[in-house]
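> Fold the following for me, if possible:
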Amino acid sequence: MQVSVEMDKCCGAGQCVLVAPEVFDQRDEDGVVIVLNAQPPAELHASVEEAVLVCPAAAITLS
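Okay, the predicted model is just below:
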């Protein structure tokens with residue numbers, strides 16, 4: 001699994017951080033997402049997939 005984020009689409013809602021804090025964080029200045037682990041281990045795949053679904057801006061993609 002490869003996690004990608006379109007930072008210009010991110011609205012800073014932080015839902016991804018709540019669902020998968022091991023993979024996502026937010027910049028302090030504007031709340032835009034930061035990917036902490038672009039290739040998370042298998043045990044985090046379900047939470048990353050949930051983060052994709054709950055992102056209101058559809059800024060997260062998986063490949």
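
> Tell me which residues of the biggest helix by length in the chain come out buried.
Taking DSSP state H as the criterion, the chain has its longest helix at helix 45-54. Across helix 45-54, burial judged by 16 or more other C-beta atoms under 10 Å covers S47, V48, A51, V52. Where you see a C-beta, it was placed from the backbone N, CA and C, and this is true even at glycine.

> ok, so of the residues you listed, who is nearest G31?
G31 lies nearest to A51 out of those, by C-beta to C-beta, at 15.1 Å.

> Which of the three states applies to the closest residue to the closest one other than its chain neighbours?
What sits nearest to A51 in space, not counting adjacent residues and going by C-beta to C-beta, 6 or more residues apart in numbering, is C16, at 4.0 Å. Here C16 is recorded as helix under DSSP: H, G, I helix; E, B strand; the rest coil.

> can you pull the contacts of C16?
By C-beta atoms under 8 Å, 6 or more residues apart in numbering, the contact list for C16 reads V23, F24, V33, A51, V54, C55, I60.

> same thing with S4?
So S4 contacts V35, A38, I60, T61, L62, S63 (C-beta under 8 Å, 6+ apart).

> how about the CA coordinates for stretch 44-63, as CSV?
C-alpha atoms of stretch 44-63 as CSV (Å, rounded to 0.1, in the frame of the first residue of the first chain):
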residue,chain,number,x,y,z
LEU,A,44,-2.6,-0.4,9.6
HIS,A,45,-4.2,-0.9,6.2
ALA,A,46,-7.8,-1.1,7.5
SER,A,47,-7.4,2.2,9.4
VAL,A,48,-5.8,3.9,6.4
GLU,A,49,-8.6,2.7,4.2
GLU,A,50,-11.1,4.2,6.7
ALA,A,51,-9.2,7.5,6.6
VAL,A,52,-9.6,7.6,2.9
LEU,A,53,-13.4,7.1,3.3
VAL,A,54,-13.8,9.8,6.0
CYS,A,55,-11.7,12.5,4.3
PRO,A,56,-14.2,15.2,3.4
ALA,A,57,-12.0,16.6,0.7
ALA,A,58,-11.1,13.3,-0.9
ALA,A,59,-7.5,14.3,-0.7
ILE,A,60,-6.0,10.9,0.2
THR,A,61,-5.4,8.2,-2.4
LEU,A,62,-4.0,4.6,-2.1
SER,A,63,-2.2,2.6,-4.7
